[in-house]
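S.K.: Would you be able to build a 3D model of this:
(2 chains)
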2 protein chains.
Amino acid sequence: MKAVILLSGGLDSSTVLYQALVDGFECHTISFDYQQRHRRELQSALAIAQKAGVVDHQVVRFDLRQWGGSALTDDAIDLPHKRDPEEMSQSIPVTYVPARNTIFLSFALAYAETIVAQRIYIGVNALDYSGYPDCRPDYIQAMQEVFRLGTKQGRSGQPISIVTPLIHLKKTEIIQLGNKLEVPWELTWSCYAGGDVACGICDSCRLRLAAFADLGLKDPLAYAQ
Amino acid sequence: MKAVILLSGGLDSSTVLYQALVDGFECHTISFDYQQRHRRELQSALAIAQKAGVVDHQVVRFDLRQWGGSALTDDAIDLPHKRDPEEMSQSIPVTYVPARNTIFLSFALAYAETIVAQRIYIGVNALDYSGYPDCRPDYIQAMQEVFRLGTKQGRSGQPISIVTPLIHLKKTEIIQLGNKLEVPWELTWSCYAGGDVACGICDSCRLRLAAFADLGLKDPLAYAQ
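M.R.: Below you'll find the model as predicted:
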């Protein structure tokens, strides 16, 4: 049985990959180079895919800077780094990239149907990033319906399933799960800032650092601050 | 009011562009260079966009040959050119590209949300290509739900609408509509074969030529055969 895993190189998707391995799937990972500010994450995705021993690792390339619309794809929009956690979970942040997960899942679907995979794993999380419309359960359900109706496999009664192991977990719970699965945190990458060392102050770094601290653990990644 | 129009350069999408103009929208076209066998269509798309005087024409580039899976993205799979029309409308042909319309609509959605467009026009057709799962009304309805739930605009109660003016038309009816709208057929491109002149024998050429012939009209495009 084959699964396609969306692997950004971050904490969440790396944990999901290790979950898919434990679930017994032959794992095929897919990463996206969309000219994101933090393309550094692609190196981490590759390193994790290799460490995990996946069967295949695909990198899909396209350019979302051609129209921008997000702090991650337009250098003129500043990255947020002082939003309080409650605000982060309620409003849609400037790091929201229009239709990003829809694009990612569409490519994953194309790849999965081509290799005749049964599942697509994605590390969306409705708690810490509930501001993102495309991380919520009702959205995933809608994409599942697209998977059922928009493909040959789906029309023949065998739709590819979207699996979201982290959707209802807090960041601390994700780290606990990842520890159990022995995810190599030192290889992961969460920082949005685009440097060679994680900045430690962007929202993504802060969320990660706070979760490790809440658990009384040390994040093994090096930080600039 | 802005609209994004998926423009392949073929008969159908060109007719849809001219319909969107008549509907009064500021038109933004989007084409896809996915390393398709018939990349020649991109020249036609650009020529039609210019002729129609669109506000902006985006070309999104990615490589669906990296996993293949279709006669349009894998040169080892032969193009069909002797299927009878009834078979074409019932089974899924080898020219089906896994998840293609889902990928196309996802990029169109990203672009539309970024420029704050109200509509996305797509020339899908459920009659002549009903073999394609991602050209049918129930699939489009499922994508509409993704548009509603997966975007900021949708969550704020103003989802981008998918408009499918051709979905229930026959090819002959599309040509009649295009004639009324004065679509420049001589600039369009339908051939799958990948040559510099339309082959005249692939399924796509045959369907087009038959429709013009049924109407007692001459297709102004030059054909090799």
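
S.K.: quick one: low-confidence parts of chain A?
M.R.: A:82-90, A:128-130 (pLDDT under 70).

S.K.: and with 80 instead?
M.R.: Counting by pLDDT under 80, chain A contains low-confidence residues at A:80-91, A:128-131.

S.K.: Longest strand in it, please.
M.R.: Ranked by residue count, the top strand of chain A under DSSP state E comes out as strand A:26-33.

S.K.: Counting by contacts, list what that strand packs against.
M.R.: strand A:2-6, helix A:11-22, helix A:41-52, strand A:56-61, helix A:100-115 (3 or more Cβ pairs under 8 Å, 6 or more residues apart in numbering or on different chains; DSSP states H and E). C-beta here means a position set from N, CA and C on the backbone, and glycine is covered the same way.

S.K.: Describe which strands it pairs with in its sheet and in which direction.
M.R.: Each strand paired with strand A:26-33, and its direction, by DSSP bridges: strand A:2-6 (parallel), strand A:56-61 (parallel).

S.K.: tally of neighbours for residue A:210?
M.R.: Burial measure for residue A:210: 14 neighbouring residues, criterion other Cβ atoms under 10 Å in any protein chain shown.

S.K.: Let me know the secondary structure of it.
M.R.: In terms of secondary structure, residue A:210 is helix; the call rests on DSSP: H, G, I helix; E, B strand; the rest coil.

S.K.: thinking again about what came up before, the helices and strands packed on strand A:26-33 into JSON lines, with extra columns for mean neighbour count?
M.R.: Formatted as JSON lines, the helices and strands packed on strand A:26-33 follow (neighbours: other Cβ atoms under 10 Å in any protein chain shown):
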{"stretch": "strand A:2-6", "mean neighbour count": "25"}
{"stretch": "helix A:11-22", "mean neighbour count": "24"}
{"stretch": "helix A:41-52", "mean neighbour count": "20"}
{"stretch": "strand A:56-61", "mean neighbour count": "17"}
{"stretch": "helix A:100-115", "mean neighbour count": "25"}
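
S.K.: still on that earlier bit, now do the longest strand of chain A: everything it contacts.
M.R.: Contacts with strand A:26-33, where a contact means Cβ atoms under 8 Å, 6 or more residues apart in numbering or on different chains, come from A:1-9, A:17, A:20-21, A:39, A:42, A:45-46, A:49, A:52, A:54-62, A:103-104, A:107-108, A:111-112, A:115, A:117.

S.K.: can you do 6 Å?
M.R.: Contacts to strand A:26-33, defined as Cβ atoms under 6 Å, 6 or more residues apart in numbering or on different chains, come from residues A:2-7, A:20-21, A:42, A:45, A:49, A:54-61, A:104, A:108, A:111.

S.K.: if I look at the nearest residue to residue A:7 once chain neighbours are set aside, how far off is chain B?
M.R.: With Cβ to Cβ, 6 or more residues apart in numbering or on different chains as the measure, residue A:29 is the residue that lies nearest to residue A:7, at 4.3 Å, once sequence neighbours are left out. Counting by Cβ to the nearest Cβ, to the nearest Å, the separation of residue A:29 from chain B is 13 Å.
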